[in-house]
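>>> Fold the following for me, if possible:
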Amino acid sequence: MGQRAGSADLPLHGGRVPPWLGERMTKLGAVIAQAIVVEFGRDAFLSRLSSPFWFQAFGAVMGMDWHSSGITTSVIGALKRGLKPLEGELGLHVCGGRGKHSRLTPAELVARGDRVGFDGAALARASRLVAKVDSAAVQDGFQLYLHGFIVADDGKWVVVQQGMKDATGTARRYHWLSEGLRSFVDAPHAGIDGESQGEIVNLADRRADRSRKGQLDLLAGIGPDGISRAYSDLLARRKPPAPREKAQPDLPHLVMPAHHDVRPEDVFLRRLHGNLAAAADRAPADFAELLLVPGVGARTVEALALVAEIVHGAPCRFADPARFAYAHGGKDGHPFPVPLDVFDRTIGVLKSAVGKARLGQRDELAALRRLDDQSRLMERTARGAPLPALIERERVESHRYGGMTVMGPAEPRPVPAAGVPTGR
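Reported below is the predicted structural model:
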């Protein structure tokens, strides 16, 4: 049986990812996947993808709009491009995508199965069933438009799919994980992301088993015409439902707000202070392996502290995806323009660490793990500037790091009269 991980509100955003960001997302997504597989194995990467919280943070650390539905499309696309050349090495295959690409998923799975050796026809059936459950069995008003199916050589898989509701400008993301899945119609979801909009019809809930059986009995007994007449009679006699208690406590719910700017309430500040303190205070002494990579300085190590948490962090660490946007900003300029120089150096460090680890030299990967460990230790006592001041510092310095948004390069900005915290 699958385990539902939680839900989230996702504002529905349009637009396209600019090439300068899409190329970097492809590289960073692929090398983070490599790092996780090298450190923890393929199952760990699939498990992370099935978490709504981790998935949102993963997109935010790659420079996407930290709160929006666009993260889903862009992350699936980046992984499909980035992991394709690594299929032989990692044993991971990304099928499907948005729109017409989602409808090609079954054919992709069959073709991959013929080449690799897993049962592609069975997985194609699973793909269709997953889509049917979230479009028909779960009647929540969201029209599916994206279906990503990530499968390993051993046949284990995760599905991330998303629906939209134009009338409300919202999206809902659904996560499925094959591990432990025994039924497609009895509590199969690993997680559902989307705006809470009251009660929905969820025939995939295990508590709906009697309803599913009753529907089959009705169809066999009185047929479609009889069901229609019975439904009309019920509507005529309908009374307001009596208040009832919830059958179970609410699952963890991640709320993605409509505002684009990153506000103090969107970030666990002590955790961000811990990330920055670990990079600033301890990197020169403890992380020499990282600093030896050409061009890597304090700002890149700050970004690496957040990337290291994406690789190593426990599930409870991802309740504030906005914090991970501090690594590489956002394409819309929030919390600040994407620092392309820092982004490229982050990719360079990770590529070096993963490449050496595959040859048995794990010093640089171990340094990333220590950086993450140190962040958690230092957040207990670290102090720092308020979030608005930290963001303002990045905006003032953005042009130095090749800052870029969808509107163009970041322009030099004057330092405010009160100054901004330096700390580097």
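>>> and Arg173, how far is that from Ala30?
Counting by Cβ to Cβ, to the nearest Å, the gap between Arg173 and Ala30 amounts to 21 Å. All C-beta atoms are positioned from the backbone trio N, CA, C, and that covers glycine.
>>> residues contacting the residue nearest to Met25 when sequence neighbours are not counted?
In space, not counting the residues next to it along the chain, Met25 is nearest to Ala78; the distance is 4.0 Å by Cβ to Cβ, 6 or more residues apart in numbering. Contact criterion Cβ atoms under 8 Å, 6 or more residues apart in numbering gives Gly22, Met25, Thr26, Leu28, Gly29, Ala30, Met62 as the residues in contact with Ala78.
>>> Ala78 in helix, strand or coil?
Three-state call for Ala78 (DSSP: H, G, I helix; E, B strand; the rest coil): helix.
>>> Mind pulling the model confidence for it?
The per-residue pLDDT reported for Ala78 equals 98.
>>> And for the one 3 residues further on?
At Arg81 the predicted local confidence, pLDDT, stands at 98.
>>> So for Gln143, what's the nearest residue that isn't a sequence neighbour?
Using Cβ to Cβ, 6+ apart and skipping the chain neighbours, the partner closest in space to Gln143 is Gly163 (5.4 Å).
>>> list the helices and strands the helix or strand harbouring that neighbour packs on?
According to DSSP states H and E, Gly163 maps onto strand 157-165. Contact partners of strand 157-165 among helices and strands, from 3 or more Cβ pairs under 8 Å, 6 or more residues apart in numbering; DSSP states H and E: helix 42-49, helix 70-83, helix 120-132, strand 143-152, strand 170-177.
>>> I'd like the ones you listed written out as TSV, with distance to Asp114 added.
As requested, those are arranged in TSV below (distance: least, Cβ to Cβ, whole Å):
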stretch	distance to Asp114
helix 42-49	20
helix 70-83	19
helix 120-132	6
strand 143-152	13
strand 170-177	23
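>>> so which of those gets nearest Asp9?
When the helices and strands packed on strand 157-165 are ranked by proximity to Asp9, the top entry is strand 170-177, at 6.9 Å, counting by Cβ to Cβ.
>>> relative orientation of that closest one and strand 157-165 in degrees?
Inter-element angle recorded for strand 170-177 and strand 157-165: 170 degrees (by axes from the mean of the first three to the mean of the last three Cα atoms, to 10 degrees).
>>> average pLDDT for the strand holding Gly163?
For strand 157-165, mean pLDDT rounds to 91.
>>> who touches stretch 101-112?
The contact list for stretch 101-112 (Cβ under 8 Å, 6+ apart) reads 93, 95-96, 118, 120-121, 123-125, 127-128, 131, 144-149, 151, 161.
>>> can you rerun that using 10 Å?
Residues outside stretch 101-112 that contact it (Cβ atoms under 10 Å, 6 or more residues apart in numbering) are 76-77, 80, 87, 93-97, 118-128, 130-131, 144-149, 151, 153, 157, 159, 161-162.
>>> Give the ChimeraX command for selecting the buried subset of these.
The command below creates a ChimeraX selection of those among the contacts of stretch 101-112 that count as buried (16 or more other Cβ atoms under 10 Å):
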select :76,77,80,93,94,95,96,97,118,120,123,124,126,127,130,131,144,145,146,147,148,149,151,153,157,159,161,162
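>>> Which secondary structure elements does the helix or strand where His93 lies sit against?
Secondary structure from DSSP H and E places His93 in strand 92-98. The elements that strand 92-98 packs onto, with contact taken as 3 or more Cβ pairs under 10 Å, 6 or more residues apart in numbering; DSSP states H and E, are helix 19-40, helix 42-49, helix 70-83, helix 100-103, helix 105-116, helix 120-132, strand 143-152, strand 157-165.
>>> Output the ones you listed as TSV; include the columns distance to Val311.
Written out in TSV, the entries for the helices and strands packed on strand 92-98 read as follows (distance: least, Cβ to Cβ, whole Å):
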stretch	distance to Val311
helix 19-40	5
helix 42-49	9
helix 70-83	15
helix 100-103	28
helix 105-116	26
helix 120-132	27
strand 143-152	17
strand 157-165	17
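>>> okay, which residue is most central for the protein?
In the chain, the C-alpha closest to the average C-alpha coordinate belongs to Phe55, at a distance of 1.6 Å (Cα atoms, centre = their mean).
>>> Verify the stated contact: it with Ile71.
Yes. Contact criterion Cβ atoms under 10 Å: Phe55 and Ile71 qualify, at 7.5 Å.
>>> What ranges does the protein have for its strands?
Counting by DSSP state E, the segments of the chain that form strands are 7-11, 92-98, 138-139, 143-152, 157-165, 170-177, 189-194, 201-202, 253-255, 338-339, 403-405, 408-409.
>>> Out of those strands, which gets nearest to Asp320?
With Cβ to Cβ as the criterion, Asp320 lies closest to strand 253-255 of the strands of the chain, at 9.0 Å.
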